[in-house]
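what would the 3D arrangement of this be:
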Amino acid sequence: MVPLKNFGIFALVACLLFPASSVYGHGFGVDTISSVDVQGKQLTISVEMPMYFEKDQEGQITITATEDETKENAKNITFLIGLFHKDDMIFRNYFFTDNGVLPIKITPQQGYDNFVIKGEQDSLLGAWYGTESNPIEIVGPLFTSGGLYNFEIEVRTIDEPTNIIEDSGIYNADLSLIETISFMQQDEDDNPVEFRSKSYFDTVTNFEYDPITKEVTFEMPFDWSEKQMSHIPVVHVETHFPKDFVEFLSPSYSAYVNEIELFNSSVSIDDYSEDHERVVHLVLLQDHLRYMKNEMKKSEEPLSDKMSFRLSASESVSFPLEAYTKSEDFKVNLAWDPIDVEPDVPTNFIFTIRDGKTNDPLRNSEYTFVIIQNGQEIHRTSGTAQIGGEFEKFTFSEDQTGPTIIKFENIRNTGQETEFALVVVPEFGTVVLLIFSISLLAVIGFSRKYATFSLIRT
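Just a heads-up that it's a prediction; the model follows:
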């Protein structure tokens, strides 16, 4: 996040752009294997599965083989599929599909010592295949824990069911199940604080919070080989902690992996998704992973077999804040001057109303500007931002302290609204909590509203 410079009352604040970071983990639930050579044919094999399986509820794995030249599904494919989790083999079986698409229904059930495969089996390789009335289904202790799952895939027949292929090569697809783990830590007064780690890649371990350095550290297994990294589009992990845990609240965070500092774009703060928790997202794209690998290779130490994360609170803050309406039709940029909001000091709230899709300032935008404390309005005024940008001035009195909502209502006479928040606590200096929502559009077209909850001490 870049600090705002040359800030003036009438300045139209430039939009703060964020990269596509609202992505899920490894492969978005899909991993694609390219350049699979089978008897001179080039195939692409994709493996797709949900990001999580509900207990006793059915999910589905879908494996698809497509011929690169014709762009059509391959015919009469027999896969030899091995499934591994944390280096343990779950199963290794043959599966057949006549149209190149292999759906396997999965029903995770704990309490079973083994799993059961339901379906038909051919007489040649004993491959499981499904029919419309009797699809392939696996029931038992599958996908009952999160983390990374590895599929080893061989192609054993193609074109004809009897065209058996030897030594076609083993190809790997890796997909993750979301895993959320709670870690009880202690604050600087030895009070318990619950942190949660949500991983879209692999299992988080050795989670610790240091109240002296205001840092969170944790580890995750990782294979830095090019073979493995070549089909990892993103690594995503979230750190959750209570919004009222002021000790670790910060306007921004610095993050490191194996002591290499991450790009600012890899770290985002989210106070919107959870009512009572702040979420700090760490999102590492494939280019970031390669950059870190190259940096690690500069040392004489061998490459690690893990990622060691360090998340540190920072005291810097940057404007503008951004908030979308629920429909995402409109976006409001907000800043204020002076940055320390105090009683008896006039505060200028500078804002720009923008098109939520194009980010263009919207001229002649009607709005209602509202300030709320303790559920009660203390100020309300309406106006028109003729060039899209405008400002409102307000002076808080000595008894107007505590949590404060800055709300924009009826934007452009549509009834849509959005809000920000700040808190003034003069007896401890000024503490400003900035809550705002931003829209992060993922590579796969998924959009989600995020918020930032920031802390300034004076």
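
quick check on S266: phi, psi?
Main-chain dihedrals, S266, degrees, to the nearest 10: phi -80, psi -10.

burial measure for it, as a count.
Close neighbours of S266, defined as other Cβ atoms under 10 Å, add up to 19. C-betas here are computed from N, CA, C, even on glycine.

any idea how far it lies from I158?
Distance, S266 to I158, using Cβ to Cβ, to the nearest Å: 41 Å.

one more: N359?
Relative to I158, N359 is positioned 49 Å away (Cβ to Cβ).

looking at those two, which is more packed in?
Higher neighbour count among N359 and I158: I158, with 22 against 14, using other Cβ under 10 Å.

so what's that one up against?
Each residue near I158 by Cβ atoms under 8 Å, 6 or more residues apart in numbering is listed here: V38, Q39, K41, A74, K75, N76, I77, I165.

for this structure, which helix is longest?
Ordering each helix of the chain by length in residues (DSSP state H) puts helix 286-297 first.

isn't I353 up against R412?
Yes. Counting by Cβ atoms under 8 Å, R412 is a contact partner of I353 at 7.4 Å.

what residues are shared contacts of those two?
Joint contacts of I353 and R412 (Cβ under 8 Å, 6+ apart) are F330, L362, S365, Y367.

what's the ChimeraX line that selects buried ones from those?
Buried members of the shared contacts of I353 and R412, defined by 16 or more other Cβ atoms under 10 Å, are picked up in ChimeraX with:
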select :330,362,365,367
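
report the buried residues of the longest helix of the chain.
Residues of helix 286-297 classed as buried by neighbour count (16+ other Cβ under 10 Å): H288, L289, M292, K293, M296.

stretch 341-350 too?
Residues of stretch 341-350 classed as buried: V341, E342, T347, F349, I350 (neighbour count, 16+ other Cβ under 10 Å).

between I353 and R412, which one's more packed in?
Neighbour count, other Cβ under 10 Å: between I353 and R412, I353 has more, with 24 against 17.

tell me the contacts of that one?
By Cβ under 8 Å, 6+ apart, I353 lies in contact with 330-332, 361-362, 365, 367, 385, 388-389, 408, 411-412.

so S176 sits right up against S199, yeah?
Yes. Assessed by Cβ under 8 Å, S176 is found in contact with S199 at 7.5 Å.

let me know the pLDDT of R448.
Looking at R448, its pLDDT reads 31.

all helices of the stretch 301-450 of the chain, in order?
Ranges of helices in the stretch 301-450 of the chain, per DSSP state H, counting those that start in this stretch: none exist.

which intervals of it have sub-threshold pLDDT?
Counting by pLDDT under 70, the stretch 301-450 of the chain has low-confidence residues at 315-318, 402-403, 421-450.

and the strands in it?
306-314, 321-324, 330-337, 347-355, 365-373, 376-385, 389-394, 402-409, 418-424, 431-441, 447-457 (DSSP state E, counting those that start in this stretch).

picking up where we left off before, greatest separation within the buried residues of stretch 341-350: which pair is it?
Greatest spatial distance among the buried residues of stretch 341-350 (Cβ to Cβ): E342 and I350, at 17.4 Å.

please save the CA atoms from the longest helix of the chain in PDB.
Extracted in PDB, the C-alpha atoms of helix 286-297 (Å, rounded to 0.1, in the frame of the first residue of the first chain):
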ATOM      1  CA  GLN A 286       3.800 -18.500  -9.300                       C
ATOM      2  CA  ASP A 287       6.100 -15.600 -10.300                       C
ATOM      3  CA  HIS A 288       6.500 -14.700  -6.600                       C
ATOM      4  CA  LEU A 289       7.500 -18.300  -5.800                       C
ATOM      5  CA  ARG A 290      10.200 -18.400  -8.500                       C
ATOM      6  CA  TYR A 291      11.500 -15.000  -7.300                       C
ATOM      7  CA  MET A 292      11.800 -16.300  -3.800                       C
ATOM      8  CA  LYS A 293      13.500 -19.500  -5.000                       C
ATOM      9  CA  ASN A 294      16.100 -17.500  -6.900                       C
ATOM     10  CA  GLU A 295      16.700 -15.300  -3.800                       C
ATOM     11  CA  MET A 296      17.200 -18.400  -1.600                       C
ATOM     12  CA  LYS A 297      19.600 -19.900  -4.200                       C
END
